[in-house]
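Student: coords please:
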Amino acid sequence: MTGPLADPRRVLRSIIALTVVLVAVLGATASAVGAQAPAQQRSQDELRQQLAERFAPIMMLKQQEEACSTDGEQYRPGSIDIVLDNPEIALRQVGRSDPVVKRAPSAADLFGLGEGFFLDFPGNSLTPGCIYERDFRKYTGDRPATIYAHVVRQPDEPDLVFVQYWFYWYYNDWNNKHESDWEGITLKFEASSVQEALETQPVAVGFSQHEGGERADWDDSKLEREGDRPIVYSSAGSHASYYGSAPYLGRAASEGFGCDDTTGPSERLDPEVVLLPDSVTDPNDPLAWLGFNGRWGERQEGPFNGPTGPNVKDRWLEPAPWFDELRSSSVVIPTGDSQAASVIAVFCAVVEGGSKTLVDLSVSPVQVAVTLIIAAWSISFLVKRTDWSLVAATPIRQRRRAGQIIRAAAAVYRSGPLVFVLFGLVYIPAAIVSGTLAWLVEFIPLVGGLLSLSGSGAANLLVALLVGSGANLAAFMVVNSMVADHLRTGQRGLDTAKASMQQTWQRRAALGSGFVRSYLIVAVLLASVIGIPWGIRQLVRYQFIAQAVTLEDRTGPASLTRSTELVRGRWLHTAIVSIALTGMVVVSGTVVGVVLLVLVSGIPLWLFSGLVSIVYAVLVPLAAIALTLLYGDAAEEHDATQLDEPVAVA
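Tutor: Model prediction:
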């Protein structure tokens, strides 16, 4: 056989040569592909970092007046590194006595650990004192403020890109005190890739607030921005994110249960951005802490437990459902001293007090039990100290014990409730006037300028008290006058009620003169600070101005003198009964208002304010009846004493 295939050795050499060439080509191809993949990955990471930095939020934190003060924000968003490799931080495992697994745990130590593990910081999260603030400052040093960014593409939402910004706070000093806190915001892009997101702007943004949050369109007027960067107002202590500087009301899990404060003056932070991947597979990765599914703070009961990290949240990889459930707005607490504002202030205090009681019960149950026993004994002592027998309400001028006054007032109210509610309706226009004046006073050039400079400080409080309480006290004086005139007639019909209203209108000059004089005297004394004791003394002395004008036909100035005479020698008794009557109205109205706030969380504030005003309209006349009977007791005692005094002979 002849030809090129005749020599087997030549065939073998050709096969070997072809094999070498093929291996070389395949190797070069594999190397090229292998080099291209990391390059593509680097390119994607660079795009994500670029996107995250372009839209990174600017943080506004309520200024703290001095160290360890809770009047402002004690912390700032920082790097998780301050608790890693830190010899003062312990990694514990849930179990008997929660044994320490390791001191100064590293990111690698946390990697792969589940919910049976938690970090424990120095201090007690329920009684923080100032240790957490001091430690945070010590651990942080001169590190810049830091936030974490996570770019997400949800598989079942291919045309959306989400950019999450996570804020780590060392301690949460709010109603639900706990070590560590994770909050943040999320930007939503209508884009099919990170590159496409960079070429456009977000369509909406969601701010995390406790277990829920609030959303806004990117062009919404409530969203403040510096170019492409949204401005986030962080609530002092709770770190919930809001769109503006104001006090906010929360009445549900999605809002938080309590009141958040983002009012100024504020400190502006421009934090650094650290990009986070979806997950970490290497325990030696500096971001291996993302594989920790335990808790980032001390183990406690209920809302005081340390939180889990962002990677454990459902929205970490599936942000769309969370975003769709966000509220469109938050409830801003009204200013001024209207009934609604007062009830909301009490609601905030009650929630805060309830949280403190839970903490005290956990830390010192014996102390809480002793306090409750003492309070119950004190109330029982005061109730048993008076006479509760039923006596007639007329004539007005006769001696009665405190318990008899309260029972007689209740009996009178029940005899004609519609008439007395009619008198109390004056509180509704008073509430409108109060709110309007509180709003208008901000537009007075000098006052508005002072309020703007002072933020939410003493000047705002003083103006609110002067405007709001003035309208409410004036309404109370009018109700007192109508009730006193009505009681004098001894009749309960609507015709008599109309006549009493007309009589009160005719006495408007004397009532107005007496009210303005007394109000200015008390307001000046209270505002002077040093005169507060005298202001309180005069406030009690002026309790019977309306009765002196209505039942004795006194002028305004003379009614102040007469009221002072009747209270002299009975100041403590008058103060106790007046406080009890005021407390009855305020507590009853507040309880109704708080229940309304909790049960009907979606109620608009204008409707809530109107309903609270109606509650006061129902209750205030009852207090006015009792105060008129207290006046009758004082007048009878005073005038009887005057008659018994010997007449001087010249």
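
Student: Can you say which helix or strand has G258 in it?
Tutor: strand 256-261 (DSSP states H and E).

Student: centre of the chain versus the helix or strand following that strand, how much separation?
Tutor: Sequence-wise, the next helix or strand downstream of strand 256-261 (DSSP H and E) is strand 266-269. Mean-position distance between strand 266-269 and its chain equals 20 Å (C-alpha atoms, centre = their mean, to the nearest Å).

Student: Direction included, what does strand 266-269 pair against?
Tutor: Sheet pairing for strand 266-269, assigned by DSSP bridges, gives strand 58-62 (antiparallel).

Student: Go through whichever helix or strand comes after the partner strand and flag the buried ones.
Tutor: The helix or strand immediately downstream of strand 58-62 is strand 90-93, counting by DSSP H and E. For strand 90-93, a neighbour-count test (16 or more other C-beta atoms under 10 Å) marks A90, L91, R92 as buried. For every residue, glycine as well, the C-beta is placed using N, CA and C.

Student: separation between the residue nearest the centre of the chain and G531?
Tutor: Residue closest to the average C-alpha location in the chain (C-alpha atoms, centre = their mean): C259, at 0.8 Å. Per C-beta to C-beta, to the nearest Å, C259 is found 31 Å from G531.

Student: and the helix or strand hosting V366, what other elements does it pack with?
Tutor: Element membership for V366 (DSSP H and E) is helix 365-385. Judged by 3 or more C-beta pairs under 8 Å, 6 or more residues apart in numbering; DSSP states H and E, helix 365-385 is in contact with helix 339-363.

Student: Can you find the helix or strand in this protein with the smallest mean pLDDT?
Tutor: helix 458-464 (a mean of 38; mean pLDDT, DSSP states H and E).

Student: roughly how far is the helix or strand just after it from the heart of the chain?
Tutor: Using DSSP H and E, the helix or strand that follows helix 458-464 in sequence is helix 470-489. Helix 470-489 sits 35 Å away from the centroid of its parent chain (C-alpha atoms, centre = their mean).

Student: go on, stretch 73-82?
Tutor: With C-alpha atoms, centre = their mean, you get 22 Å for stretch 73-82.

Student: Stretch 548-568 now?
Tutor: 43 Å.

Student: re earlier: buried ones in the helix or strand that comes right after the helix holding V366, by neighbour count?
Tutor: Note on helix 365-385: by DSSP H and E, the next helix or strand toward the C-terminus is helix 402-415. For helix 402-415, a neighbour-count test (16+ other C-beta under 10 Å) marks A402, G403, Q404, I405, I406, R407, A408, A409, V412, Y413 as buried.

Student: if we can go back for a sec, give me the pLDDT for the residue nearest to the centre of the chain.
Tutor: Listed pLDDT for C259 reads 89.

Student: Can you verify V205 is assigned to a strand?
Tutor: Yes - according to DSSP: H, G, I helix; E, B strand; the rest coil, the state of V205 is that of a strand.

Student: quick one, what contacts it?
Tutor: Neighbour list for V205: I185, T186, L187, K188, R215, A216, W218, L223, P230 [criterion: C-beta atoms under 8 Å, 6 or more residues apart in numbering].

Student: Is there a neighbour count for the residue nearest to the residue nearest to the centre of the chain when sequence neighbours are not counted? I'd like the number.
Tutor: Distance criterion C-beta to C-beta, 6 or more residues apart in numbering; nearest residue to C259, sequence neighbours excluded, is C348 at 3.7 Å. As a burial measure, C348 scores 19 neighbours (other C-beta atoms under 10 Å).

Student: Numbering from 48 from now on, please.
Tutor: New numbering, starting at 48: the last item is C395.

Student: how much space between C395 and N222?
Tutor: With C-beta to C-beta as the criterion, C395 and N222 are 9 Å apart.

Student: and if you look at H685?
Tutor: Taking C-beta to C-beta, one finds H685 at 50 Å from N222.

Student: which one of these two has more residues nearby?
Tutor: N222 (23 against 16).

Student: so the more buried one is in which element?
Tutor: Here N222, judged by DSSP H and E, is contained in no helix and no strand.

Student: what's the answer for Y663, then?
Tutor: helix 652-691.

Student: chain center to that helix, what's the gap?
Tutor: That offset, for helix 652-691, works out to 33 Å (C-alpha atoms, centre = their mean).

Student: Which secondary structure elements does that helix sit against?
Tutor: Using 3+ C-beta pairs under 8 Å, 6+ apart: helix 652-691 touches helix 386-410, helix 449-462, helix 464-471, helix 474-487, helix 517-536, helix 592-599, helix 603-614, helix 618-646.

Student: May I see the ones you listed arranged in CSV, with mean pLDDT as well?
Tutor: Shown next, in CSV, are the helices and strands packed on helix 652-691 (pLDDT from 0 to 100):
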stretch, mean pLDDT
helix 386-410, 72
helix 449-462, 90
helix 464-471, 90
helix 474-487, 68
helix 517-536, 87
helix 592-599, 94
helix 603-614, 94
helix 618-646, 81
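
Student: sorry, back to before: do I have it right that the residue nearest to the centre of the chain meets Y289?
Tutor: No - using C-beta atoms under 8 Å, C306 makes no contact with Y289, being 12.0 Å away.

Student: Give the residues shared as contacts by the two.
Tutor: Common neighbours of C306 and Y289 (C-beta under 8 Å, 6+ apart) are Y295.

Student: Look up phi and psi at E319.
Tutor: Torsion angles at E319 (phi, psi; degrees, to the nearest 10) stand at phi -80, psi 160.

Student: what are the bridge partners for it, then?
Tutor: Counting by DSSP bridges, the residues bridging with E319 are T193.

Student: any idea of the pLDDT on it?
Tutor: pLDDT, E319: 96.

Student: thought it was touching T193?
Tutor: Yes - if you go by C-beta under 8 Å, E319 and T193 touch, sitting 5.0 Å apart.

Student: So which of the two has more stuff around it?
Tutor: The neighbour count for E319 versus T193, taken as other C-beta under 10 Å, is higher for T193 (19 against 14).

Student: hang on, isn't the more buried one packed against V321?
Tutor: Yes - using C-beta under 8 Å, T193 is in contact with V321, at 6.1 Å.

Student: what do the two both touch?
Tutor: Joint contacts of T193 and V321 (C-beta under 8 Å, 6+ apart) are S126.

Student: The nearest residue to I650 once chain neighbours are set aside - how many residues pack around it?
Tutor: Spatial nearest neighbour of I650, excluding adjacent residues (C-beta to C-beta, 6+ apart): L643 at 6.8 Å. Neighbourhood size, L643 [other C-beta under 10 Å]: 19.

Student: L643: what's it in contact with?
Tutor: By C-beta under 8 Å, 6+ apart, the neighbours of L643 are I650, F655, L658, V659.
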